[in-house]
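Asks: This is a predicted model, with the sequence first.
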Amino acid sequence: MGKNFHRHQIAESQMTFTVFILSCADQSFHIGTTKNRSKRLAYHALGSNPITAKKLPVELVYEKSFELIQDALSFEKVLKKATHTT
């Protein structure tokens, strides 16, 4: 039991959260946060997200990783406030 718990702690401490900015075809930007970068970017690129589906293609123009979700969400909020986007 002790080994599994320790392994779980290590996995949690290595998890990162990514704040990203996508440039959309309509010249707008989409800002978001994810814990699975590749899956989320594919989701947007395939038009599966209703916010960006009509703005394809999208291109990743910025990303920053954080260890804590609170830090990632705070940074996302700052970016959205500064750019007035969703």
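Replies: Structure received. Since this is a predicted model, take the numbers as computed values, not measurements. Numbering: from 1, shown residues only.

Asks: who does the helix ranked longest in the chain touch, helix- and strand-wise?
Replies: Longest helix in the chain, counting residues (DSSP state H): helix 69-83. Packing partners of helix 69-83 (3 or more CB pairs under 8 Å, 6 or more residues apart in numbering; DSSP states H and E): strand 17-24, strand 29-34, strand 58-66. Heads up, the C-betas are built off the backbone N, CA and C, glycines and all.

Asks: Format those as JSON lines; extra columns: mean neighbour count, mean pLDDT and distance to Gly47.
Replies: Listed next are the helices and strands packed on helix 69-83 as JSON lines, based on neighbours: other CB atoms under 10 Å; pLDDT from 0 to 100; distance: least, CB to CB, whole Å:
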{"stretch": "strand 17-24", "mean neighbour count": "20", "mean pLDDT": "97", "distance to Gly47": "11"}
{"stretch": "strand 29-34", "mean neighbour count": "19", "mean pLDDT": "97", "distance to Gly47": "13"}
{"stretch": "strand 58-66", "mean neighbour count": "14", "mean pLDDT": "97", "distance to Gly47": "9"}
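
Asks: on that earlier part again, give me the angle between the longest helix of the chain and strand 29-34.
Replies: Between helix 69-83 and strand 29-34, the angle comes out at 170 degrees (axes from the mean of the first three to the mean of the last three CA atoms, to 10 degrees).

Asks: So for helix 69-83, what gets flagged as buried?
Replies: Residues 72, 75-76, 79 are the ones in helix 69-83 that count as buried (16 or more other CB atoms under 10 Å).

Asks: Looking at those residues, which is nearest Ile31?
Replies: Ile31 lies nearest to Leu79 out of the buried residues of helix 69-83, by CB to CB, at 5.0 Å.

Asks: contacting residues around that closest one?
Replies: When contacts are counted by CB atoms under 8 Å, 6 or more residues apart in numbering, Leu79 touches 19, 21, 31.
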